[in-house]
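[1] Sequence below, structure please.
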Amino acid sequence: MTGSDLQARRYDAVRAWTSFVERGDEAEALVRPEILTSWTRSSRAVSKDLTEAPLADEGETEAYWRESPLAVAVERVESELRRTAEDGDLVVAVTDPETRILWTYGGRVMRRKAESVNFVAGARWDDRSAGTNALDLANRLDAPSMVFSAEHYASIVHNWVCWAAPLHDPVTGRQLGVLDLSTTWDRTHPIGMATARVMARLIEGAMPHTHHDPAAALLEETGDPGLVMTLLGTAESRLDGQRLLLNRRQTEVLALLALHPGGLSLEQLHAMVYGDQAVTFSTLKAEVSHLRAALGGQLSSRPYRLLMPVATDVEQVLALLRRGQVRAAVDAYGGDLLPGTNSPALSELGEYVAVALREALLADPQPDAVLRYGELAPYDTEVVERCVAALSAQPGPHPALPLLKGRLAAADG
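    Numbers count the residues shown, from 1 in each chain. Model (predicted):
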């Protein structure tokens, strides 16, 4: 949108807000229904001249965050969230289902603006506490939401635009809160909502699975190989049973070495990790040096090669597919390989594994396997439709058929 378009949009929002606070329901034709509904809720509980959001108990908020699966997910993708905030001068926030902020990070300018209105961890941003905003709408409607300028009920954030997307447990589907991106209204861009959705999916992909432990299943099948890496859906590395504390890039480097047991030269590893990015070899050498220390020296040079037995869930899934064990492969598949990775080699491998699994299910749509796959890829209706068609052709009802039809209905909805 051009600057004049945004100015006009802001003028319309202010005119609608003024009409509502001064004359009530005359604003009905001027704003979206969900905004008007939230304004009505807000007006009963919040002053339009609110100066800052109220704060919840700090200790209670910290305790909730420590126990939340969102804390693990945010830790795993924190570098991506921070980079998004800094590059776009946004403030990024993650909430609980009651729209209490649990974690936030802001770019230089937006951080100060956020702090001035208590857009911080522990603050309550439900519309009965802080007035109409995108975080509350996304939580209550369980849908991506945007609130622009004076569509906010409280005037303290009339200079903001916010995009929020709900966060769900990838296994149970339970709503856990929302991911919000906020900046000033004059920096509104159509890509804002898409970015919020991508960031929400990134967090969901990094979520610890509540129904099964991929690392435990991998150890059960392989024994104790020394280094065990789960890379599908969630990233975790354990050496002799102890979790390794690695950043995102170190995990990518270790994954590539684990998947190439014969070793890689410096040039090969650099190309696989960075592709065409202008990153020096010395940067990669520094990452390898950190890894070598974390692995107790069990990483050789020329070529770079791991010196201990290794097992990964990627190899496990592919081996099961080669043996035709589709149900077991789906169980071992936790989701996309390192969601959000910038490594061209890992992106290509992730696509290969995802397509291989999907094609195996299309060829042999076992009901239990399709139901489990539907939890990981809820909008891939073709696999579910193939399974429903196969079951419908069989004599007598199959117990999985109502669940599969329910999955299709949910995807259509």
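[2] Domain parsing of this structure, as residue ranges.
    3-205, 214-312, 365-413 (automatic domain parsing).
[3] so what secondary structure elements neighbour the helix or strand where Leu257 lies?
    Taking DSSP states H and E as the criterion, Leu257 maps to helix 248-258. Using 3 or more CB pairs under 8 Å, 6 or more residues apart in numbering; DSSP states H and E, the elements in contact with helix 248-258 are helix 69-88, strand 227-230, helix 266-274, helix 281-294, strand 305-306, strand 310-312, helix 344-363. The way it works is simple: take the backbone N, C-alpha and C, and place the C-beta from them, glycine included.
[4] Serialize those to CSV and add fields for mean pLDDT and distance to Gly241.
    What follows is these, written out as CSV (pLDDT from 0 to 100; distance: least, CB to CB, whole Å):
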stretch, mean pLDDT, distance to Gly241
helix 69-88, 90, 19
strand 227-230, 90, 8
helix 266-274, 93, 27
helix 281-294, 90, 15
strand 305-306, 92, 17
strand 310-312, 90, 13
helix 344-363, 93, 25
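[5] which one of the ones you listed is the most hemmed in?
    strand 227-230 (a mean of 24; mean count of other CB atoms under 10 Å).
[6] counting contacts, what elements does that strand pack onto?
    By 3+ CB pairs under 8 Å, 6+ apart, strand 227-230 packs against helix 214-222, strand 236-239, helix 248-258, strand 310-312.
[7] Mind listing the strands that strand pairs with, and their directions?
    strand 236-239 (antiparallel), strand 310-312 (parallel) (DSSP bridges).
[8] now those strands as a markdown table including distance to Trp163?
    Putting the strands paired with strand 227-230 into a markdown table (distance: least, CB to CB, whole Å) gives the following:
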| stretch | distance to Trp163 |
| --- | --- |
| strand 236-239 | 30 |
| strand 310-312 | 35 |
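[9] gap between Ala271 and Ala345?
    Distance of Ala271 to Ala345, computed by CB to CB, to the nearest Å: 8 Å.
[10] How far away from the center of its chain is stretch 335-354?
    15 Å (CA atoms, centre = their mean, to the nearest Å).
[11] Going forward, the N-terminal residue is numbered 49.
    From this message on, residue numbering opens at 49, which makes the last subject stretch 383-402.
[12] Excluding chain neighbours, what is closest to Val139?
    Nearest non-adjacent residue to Val139, counting by CB to CB, 6 or more residues apart in numbering: Gly154, 3.7 Å away.
[13] Can you check what pLDDT the model gives the one you found?
    For Gly154, the pLDDT comes out at 92.
[14] same question, Pro450
    pLDDT, Pro450: 83.
[15] likewise the one 3 residues further on?
    We note a pLDDT of 84 for Lys453 in this prediction.
[16] was I right about it contacting Val436?
    Yes - with contact defined as CB atoms under 8 Å, Lys453 reaches Val436; the gap is 6.5 Å.
[17] Look at these two and report which has more neighbours.
    Ranked by neighbour count (other CB atoms under 10 Å), Lys453 and Val436 place Val436 first, with 21 against 14.
[18] Look up how far Arg58 lies from that one.
    For Val436, the distance to Arg58 - CB to CB - is 49 Å.
[19] now do Leu78
    13 Å.
[20] quick one, which of these two is more surrounded?
    Arg58 (20 against 16).
[21] what's the neighbour count on the nearest residue to that one once chain neighbours are set aside?
    Closest residue to Arg58 apart from its sequence neighbours, by CB to CB, 6+ apart: Ser197 at 4.7 Å. Ser197 has 22 neighbouring residues, counting by other CB under 10 Å.
[22] Just list the residues touching Ser197, thanks.
    Contact analysis of Ser197 by CB atoms under 8 Å, 6 or more residues apart in numbering lists 57-58, 61-62, 206-209, 233.
[23] Quick check: ChimeraX command selecting the buried ones in those.
    Those of the contacts of Ser197 that count as buried under 16 or more other CB atoms under 10 Å are selected in ChimeraX with:
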select :57,58,61,206,208,209,233
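[24] mind listing which of the contacts of Ser197 are in helices?
    57-58, 61-62 (DSSP state H).
[25] Looking at those, spot the one nearest Glu363.
    Arg57 (52.1 Å; CB to CB).
[26] just checking, that closest one touches Phe196?
    Yes - taking CB under 8 Å as the definition, Arg57 is a contact partner of Phe196 at 6.7 Å.
[27] quick revisit: out of the domains of the chain, which one sits most buried?
    The most buried one of these (mean count of other CB under 10 Å) is domain 51-253, showing a mean of 19.
[28] picking that back up, and the residue nearest to Arg58, how close does it get to Cys210?
    According to CB to CB, Ser197 and Cys210 sit 10 Å apart.
[29] Same question for Glu108.
    Counting by CB to CB, the gap from Glu108 to Cys210 is 25 Å.
[30] again with Gln414
    Taken as CB to CB, the span from Gln414 to Cys210 is 43 Å.
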